[in-house]
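In: coords please:
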Amino acid sequence: SLPYYQIFTLPTNGVAGGIASGTEDYYSFDYANIHFVCLDSHDTPRSPSGAMLTWLASDIAATSREWVIAFWHHPPYSKGSHDSDAEAQLAEMRGNALPILEAAGVDLVLTGHSHSYERSFLLDGYYGVSSTLTPGMKKDPGSGRENETGAYRKKPGTEPRDGAVYVVAGSSGQISGGPLNHPAMFLSLNSLGSLVLDVNGSRLDAKFLRSNGQIEDSFTIVKHAGAAGARFHTVAPCRVVDTRDPAGPWGGPALPAGSERTFLLGGRCGIPASAITVALNATITAPSSAGHFTLFPGGSALPQTSSV
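Out: Take a look at the predicted model:
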């Protein structure tokens with residue numbers, strides 16, 4: 001057997017929580033309110049119908065812990081010293097393991113292999129190569145930092161498909177560069193350091209601690225029951241639409257009397273593509289005549305009362 005298995009004794013029989021896997025290649029355990037899942041992306045078959053991923057589906061469905069953190073070697077997303085578009089082990093874990101994990105409400109996935117630090121947005125449903133990322137796959141396109149765009153917010157428990165953060169933490173002992181431009185990532189660094197996790201009840205804080213003692217990245221995930229798990233985003237001041245501008249999807253022409261026009265706001269000025277409610281200010285300049293101006297959701301009937 002590999003020296004690794006001779007050094008460590010790993011839980012094969014569910015003695016530390018989780019369902020028995022019968023092997024040290026992959027296993028799970030509980031610590032406080034966290035369910036940890038370790039998978040083998042190197043030697044064990046990664047087929048959706050194989051023993052490992054069949055066990056994974058049963059194990060993760062059975063947990064009642066508040067948090068689910070999974071970890072293995074080969075990252076599903078990376079443009080560091082390895083390319084997740086080009087290597088089979090990375091692509092197979094992305095395409096086969098992630099759908100199972102996300103359907104069961106995984107919160108955080110930790111990997112290595114690339115000798116760099118890469119940290120994603122809050123993602124869901126992204127199983128293709130790097131060019132296939134769409135805005136809708138970002139459950140939250142912000143930084144996850146409370147002093148910037150706000151913490152990533154999820155519903156309590158293990159809500160299916162509520163988003164997960166993916167971290168390549170492969171630079172604690174070596175850095176090897178690479179393009180470091182995967183679009184799934186909020187931040188990519190060719191820096192030595194380690195990832196530090198703190199979980200307190202329904203709050204998870206993560207920090208990338210550099211070898212010089214500086215914190216170069218951080219994010220927070222909060223599980224909150226308010227507003228049915230709604231996430232609130234604060235965006236920088238931005239003029240979303242201005243009909244005084246040249247003709248375009250967010251510009252002119254000016255609205256003539258009695259007309260309607262639809263503006264697509266998702267993805268504009270940092271507004272998440274998944275947003276269902278947007279608070280904004282509207283200003284009317286140089287009206288050609290007296291009247292009223294009504295704002296209402298696209299695709300719905302014109303309301304009988306004026307909103308402005």
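In: buried sites along whichever strand or helix holds V68?
Out: Assigned by DSSP states H and E, V68 falls within strand 67-71. Within strand 67-71, the residues that count as buried by 16 or more other C-beta atoms under 10 Å are W67, V68, I69, A70, F71. C-beta: built from backbone N, CA, C; applies to glycine.
In: ok, the nearest residue to L264 once chain neighbours are set aside to R239 distance?
Out: Nearest residue to L264 in three dimensions, chain neighbours excluded: P249, at 6.7 Å (C-beta to C-beta, 6 or more residues apart in numbering). In this structure, P249 and R239 are 14 Å apart, going by C-beta to C-beta, to the nearest Å.
In: comparing these two, which shows the higher neighbour count?
Out: Legend: neighbour count by other C-beta atoms under 10 Å for P249 and R239, higher for R239 (12 against 9).
In: the more buried one sits in which helix or strand?
Out: Under the assignment given by DSSP H and E, R239 is not contained in any helix or strand.
In: so the residue nearest to L264 lies in a strand, does it not?
Out: No. P249: not assigned to a strand; according to DSSP: H, G, I helix; E, B strand; the rest coil it is coil.
In: so what's T243 up against?
Out: Counting by C-beta atoms under 8 Å, 6 or more residues apart in numbering, T243 touches G251, G252, P253, A254, L255.
In: looking at this, the last one is in a strand?
Out: No. Assigned with three-state DSSP, L255 falls outside any strand and is coil.
In: where are the low-confidence patches of the stretch 1-150 of the chain?
Out: By pLDDT under 70, the low-scoring segments of the stretch 1-150 of the chain are 1.
In: show me where it has its strands.
Out: Taking DSSP state E, counting those that start in this stretch, the strands of the stretch 1-150 of the chain run over residues 27-31, 34-38, 67-71, 108-111, 117-120, 122-123, 138-140.
In: let me have the ones you listed in CSV, adding distance to T9 as columns.
Out: Output for the strands of the stretch 1-150 of the chain, formatted as CSV (distance: least, C-beta to C-beta, whole Å):
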stretch, distance to T9
strand 27-31, 11
strand 34-38, 13
strand 67-71, 18
strand 108-111, 21
strand 117-120, 30
strand 122-123, 34
strand 138-140, 37
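In: run through the bridge partners of L197.
Out: Judged by DSSP bridges, the bridge partners of L197 are A206.
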